[in-house]
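**Student:** Give me a 3D structure for the following:
(chains A, B, C and D)
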There are 2 protein chains.
Amino acid sequence: MSIDLLFQNIEKHIVLTDKEKSMLSDFLEEKTFRKRHYFVQEGQYANYSAFVTKGCMRSYYVDTNGFEHILQFAIEDWWIADMMSYTTGKEARLNIDALENTEALLISRENQLKLFEVCPKFEKYFRIITENGIVSIQNRLLENMSLLAPERYANFVKKYPILNQRLPQTQIAAFLGITPEFLSKIRNRG
Amino acid sequence: MSIDLLFQNIEKHIVLTDKEKSMLSDFLEEKTFRKRHYFVQEGQYANYSAFVTKGCMRSYYVDTNGFEHILQFAIEDWWIADMMSYTTGKEARLNIDALENTEALLISRENQLKLFEVCPKFEKYFRIITENGIVSIQNRLLENMSLLAPERYANFVKKYPILNQRLPQTQIAAFLGITPEFLSKIRNRG
DNA sequence: TAAAACCCTTAATCTAGATTAATGTTTTTT
DNA sequence: AAAAAACATTAATCTAGATTAAGGGTTTTA
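**Tutor:** Modelled structure (predicted):
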């Protein structure tokens, strides 16, 4: 069962009783996304967060010149959401779509907050993964400010070897903040 | 009392009883930092988080060429920490120092986690401000990727007019990811 | 199975912002 | 009050990476 992947993820941080597992289960929705289909679109109220159990999604911002800037990839075992819209209830500024045919477990913000009330353990879990999220994005920001593109790419490969194999170059370039042409140059001894 | 500023900050998100306030108070330490003195240095175990009640601090990374890249400013009513070291217990890679004579309330990670056990309301508070932190730094990353320096500076001024007045240009430049020379040019009709 | 649609490569040219350097001002320390 | 340190300005030169463009490959869709 795909929900077991989520249970395992949660149990890296807290211990769950069977009752808590079934409670969580009741608050989730299973959904599949065909390649290139949207989970979130700019302008929507994105009050769902997704835990990917199969496939790959990405969140990205489209700038005023139409260029895409990728904030996050999410393969199996990763959460993805427009955190701004999800937590504040305002309109999303990000898009989230599937780069492969994808299966995910969705939780609404409403259900998440209910879960926190009923069982503070879940609040602890999300507090921890949110802390980890901050650390990881702070690190990325500092890398963007202090490293040249070839070094950033080397770190990407080291950190996410699977993504480097699995994703098209265009997507990796849009994540690193460079053009696909320049990434091509880097890859072929630039 | 300077701790009232923290109570007010917390009560934007949750309601506190007098008992909870005094409990929190017991877990905090008051400390002052003279201008240019360190709260955290690279290589230390930075197991304290600071809530600034007066003055200004900054967290920054020093790259291999000796350049400083500022991750965060914290004036009155802001928390600041090396989140990586604070949450994982590993050695800090950031420095945090005072840009002005500063007063702050410190909480150790140990006490914070105790507080969460004793009173889950505090876990909720920190979950919320951590969520807000993610949103804000995600936004900054996307701005860095999608905007030119003059636009980033304009947004900075709009978002933090006080910091723009209060901080030297060198510090603002190190936050925006540009040189002070180029910021000078931008400011004088660039 | 053809034709879109997407994806990758290479190379010439261009530009946002860095670097260097010189000069002046303001703030801090002695 | 002097000296030192930090801060700001301006301008010439330089460079990491963008842009443009053209050609070839591969995967999807009809």
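**Student:** would you list every one of the strands in chain A?
**Tutor:** Using DSSP state E, the strands of chain A run over residues A:28-33, A:38-40, A:48-54, A:57-62, A:68-74, A:79-80, A:95-98, A:102-108.
**Student:** Quick check, residue A:177 in contact with residue A:67.
**Tutor:** No - between residue A:177 and residue A:67 there is no contact under Cβ atoms under 8 Å: 10.2 Å. Bear in mind the C-beta positions are built from the backbone N, C-alpha and C, glycine included.
**Student:** Settle it for me: which of the two has more neighbours?
**Tutor:** More neighbours surround residue A:177 than the other of residue A:177 and residue A:67, with 17 against 13 (other Cβ atoms under 10 Å in any protein chain shown).
**Student:** Let me see the contact set for that one.
**Tutor:** A:69, A:144, A:149, A:152, B:144-145 (Cβ atoms under 8 Å, 6 or more residues apart in numbering or on different chains).
**Student:** Export those as CSV, with columns for distance to residue A:103, neighbour count and pLDDT.
**Tutor:** Listed next are the contacts of residue A:177 as CSV, based on distance: Cβ to Cβ, whole Å; neighbours: other Cβ atoms under 10 Å in any protein chain shown; pLDDT from 0 to 100:
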residue, distance to residue A:103, neighbour count, pLDDT
A:69, 26, 19, 98
A:144, 31, 17, 98
A:149, 34, 18, 98
A:152, 31, 19, 98
B:144, 33, 17, 98
B:145, 29, 21, 98
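**Student:** Distance check, the spatially closest residue to residue A:6 that is not a sequence neighbour against DNA strand C.
**Tutor:** Once flanking residues are discounted, residue A:6 sits nearest to residue A:51: 5.3 Å by Cβ to Cβ, 6 or more residues apart in numbering or on different chains. Distance from residue A:51 to DNA strand C, counting by Cβ to the nearest atom of the strand, to the nearest Å: 24 Å.
**Student:** how many neighbours does residue A:51 have?
**Tutor:** Considering only other Cβ under 10 Å, residue A:51 is surrounded by 23 other residues.
**Student:** Ok, residue A:45 next?
**Tutor:** 14.
**Student:** Show the contacting residues for it.
**Tutor:** Counting by Cβ under 8 Å, 6+ apart, the residues that residue A:45 touches are A:85, A:89-92.
**Student:** Kindly list the main-chain dihedrals of residue A:42?
**Tutor:** phi -50, psi 130 (degrees, to the nearest 10).
**Student:** hang on, the earlier thing: report the buried members of the contacts of residue A:45.
**Tutor:** For those, a neighbour count by 16 or more other Cβ atoms under 10 Å in any protein chain shown gives the buried set as A:85, A:92.
**Student:** right, and the pair among the contacts of residue A:45 with maximum separation?
**Tutor:** With distances taken as Cβ to Cβ, the most widely separated pair in the contacts of residue A:45 is A:89 and A:92, at 10.5 Å.
**Student:** returning to what we had before: between the contacts of residue A:45, which is nearest DNA strand D?
**Tutor:** residue A:92 (24.7 Å; Cβ to the nearest atom of the strand).
**Student:** In contact with the closest one, which residues?
**Tutor:** So residue A:92 contacts A:40-46, A:82, A:84-85 (Cβ under 8 Å, 6+ apart).
**Student:** Now rank these by neighbours and give me the top one.
**Tutor:** residue A:82 (30 neighbours).
**Student:** What distance do you get for it to DNA strand C?
**Tutor:** For residue A:82 relative to DNA strand C (Cβ to the nearest atom of the strand), the value is 22 Å.
**Student:** Distance check, that residue against residue A:7.
**Tutor:** 25 Å (Cβ to Cβ, to the nearest Å).
**Student:** what is the residue nearest to residue A:6 paired to in the beta sheet?
**Tutor:** residue A:79, residue A:105 (DSSP bridges).
**Student:** and it, what does it touch?
**Tutor:** Here residue A:51 is in contact with A:5-6, A:9, A:78-79, A:104-107 (criterion: Cβ under 8 Å, 6+ apart).
**Student:** mind giving me TSV with the residues you listed and columns for pLDDT, neighbour count and distance to residue A:20?
**Tutor:** Output for the contacts of residue A:51, formatted as TSV (pLDDT from 0 to 100; neighbours: other Cβ atoms under 10 Å in any protein chain shown; distance: Cβ to Cβ, whole Å):
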residue	pLDDT	neighbour count	distance to residue A:20
A:5	98	16	17
A:6	98	21	12
A:9	98	16	14
A:78	98	17	22
A:79	98	20	18
A:104	97	27	21
A:105	98	21	16
A:106	98	17	19
A:107	98	24	14
